[in-house]
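Colleague: got a predicted structure plus its sequence, pasted below:
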Amino acid sequence: MTGRAPRIYLAGPDIFREDAAEFANWQKAVCRDYGLEPLHPMDNNFKPDFKSLDGARDIYHADVGQMLRCDVICANMGMFRGPEPDSGTCFEVGFIAGLNAARERFGAQVPFRPLYGYVEEAPTYPEAIRMCGLEDPENPGYDVQGCHITPWEVLTVNLMMEIPMHETGAFITTGFEDCIAQIAADWKAGKFTVA
């Protein structure tokens, strides 16, 4: 443990909530209560001109900038508009996982950033598809588009998202605050450091 608090990037679709600003303030307060410095995408939620790419670019670059400054990522991997997590959050998890892989495999000079994810409810991946009414009732085990539903009984989200969390941090099935508590405990136990 060093003198500086870990900077934690809070990924997730919570910026789309009706109470997004209040919820972001609550999330940031929880982080601070555990001794972590939050980097929240809501802080980059400018009022873009939805008729041009400039506003979208500004948000993208600001969010990527926060990810490059963070020491750890905490991602809301709950179902969003269907059985899958938010696609933007998946990109953010993949971005950090890619940096970690580049560091490990190719000796890239980037800091290691552990990945933590959480859900509020933890149906298995196939259960989530069924909950959303996307399994073909006439062809069990396949979705309504005719694609096989992978029958993982140990995963909550797609393995490409969840496995990097198990390998570098944790995947928490009991919500945001429990995930933050795990991150703080792991940092204090020296499981990861800040530069």
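Modeller: Perfect, I can see it now.
Colleague: following element in sequence after the helix ranked longest in the chain, please.
Modeller: Criterion DSSP state H: the longest helix present in the chain is helix 87-106. Per DSSP states H and E, the first helix or strand lying C-terminal to helix 87-106 is strand 115-118.
Colleague: sorry, back to before: show me which residues of the longest helix of the chain are buried.
Modeller: 88-90, 92-93, 95-97, 99-100 (16 or more other CB atoms under 10 Å). C-beta here means a position set from N, CA and C on the backbone, and glycine is covered the same way.
Colleague: helices or strands up against that helix?
Modeller: On a contact count with 3 or more CB pairs under 8 Å, 6 or more residues apart in numbering; DSSP states H and E, helix 87-106 meets strand 7-11, helix 54-69, strand 72-76, strand 115-118, helix 159-168.
Colleague: sorry, back to before: okay, the buried residues of helix 87-106 in CSV with pLDDT and distance to V110 next?
Modeller: Output for those, formatted as CSV (pLDDT from 0 to 100; distance: CB to CB, whole Å):
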residue, pLDDT, distance to V110
G88, 96, 21
T89, 97, 21
C90, 97, 20
E92, 96, 15
V93, 96, 16
F95, 96, 11
I96, 95, 10
A97, 95, 12
L99, 92, 5
N100, 91, 8
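Colleague: closest to G35 out of those residues?
Modeller: I96 (21.1 Å; CB to CB).
Colleague: okay, which residue is most central for the protein?
Modeller: With distances taken as CA atoms, centre = their mean, A75 lies nearest the centre of the chain, 2.0 Å away.
Colleague: got the contact list for that residue?
Modeller: 11-12, 85, 89, 92-93, 115-118, 165 (CB atoms under 8 Å, 6 or more residues apart in numbering).
Colleague: of the residues you listed, which is the most crowded?
Modeller: A11 (32 neighbours; other CB atoms under 10 Å).
Colleague: correct me, but that one touches I73?
Modeller: Yes - using CB atoms under 8 Å, A11 is in contact with I73, at 5.9 Å.
Colleague: list residues touching both of the two?
Modeller: Contact criterion CB under 8 Å, 6+ apart; residues shared by A11 and I73: 92-93.
Colleague: name the nearest residue to the residue nearest to the centre of the chain, ignoring sequence neighbours.
Modeller: Of all residues not flanking A75 in the chain, A11 sits nearest, at 4.0 Å (CB to CB, 6 or more residues apart in numbering).
Colleague: again with D186
Modeller: In space, and not counting its chain neighbours, D186 is closest to F192: 6.3 Å by CB to CB, 6+ apart.
Colleague: residues contacting that neighbour?
Modeller: When contacts are counted by CB under 8 Å, 6+ apart, F192 touches 6, 71-72, 112, 114, 169, 186.
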